[in-house]
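[1] sequence first, then the predicted structure:
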Amino acid sequence: MLEVRLICVGKLKEAYWRDACAEYAKRLGAFCRFSILELPESRLPQSPAKAQIDAALHAEGEKILSAAKGGVLIPLCIEGKQCTSQQLSQRIDRFALEGESTLCFVIGSSYGLSEAVKEAGAYRLSMSPMTFPHQLARVMLCEQLYRAFQISSNGKYHK
């Protein structure tokens, strides 16, 4: 069974975001081994300098790359490819057909992801050209992963 890891920098603060992710995690259990790993966000001053942000992204990036070891890295970033739900489903299926057993989707901190993480990505994904709060992006990704697996199994959810 395919393993899908959602690696996130930072925690969900509100219970309703956690509840939504937990519901999709439960649903995804029928299709894959799904897990969410929350990595600590680097502490930065109120108005950090570019060098401080870069250092924080570098430190977070090392933790992300370590957590994604042995899996296909799929960072969510603005430079990523936008796709339909069907295309995401097909891409996940293609990874599985290519023999990949672990997919690691990554959502960075409010400052994004380090270049090292983006460059290590096998497939860069963008949810939209719009900007979303990280909490909402996590729920949206969980929902889209569930939808992708439903599409692959000809489920009724997508219709």
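    Looks like it came in fine.
[2] how close does residue 132 get to residue 139?
    Separation of residue 132 from residue 139 (CB to CB, to the nearest Å): 9 Å. Where you see a C-beta, it was placed from the backbone N, CA and C, and this is true even at glycine.
[3] do the same with residue 146
    Using CB to CB, residue 146 is found at 11 Å from residue 139.
[4] overlap of the contact sets of those two?
    Residues touching both residue 146 and residue 139 by CB atoms under 8 Å, 6 or more residues apart in numbering: residue 24.
[5] for those two, indicate the residue with more neighbours.
    Taking other CB atoms under 10 Å, residue 146 and residue 139 do not tie; residue 146 has more neighbours (23 against 20).
[6] what helix or strand is that one on?
    Using DSSP states H and E, residue 146 sits in helix 134-152.
[7] which stretches of the chain form strands?
    All strands of the chain, identified by DSSP state E, fall at 3-9, 33-39, 72-81, 102-107, 125.
[8] sweet, I'm off.
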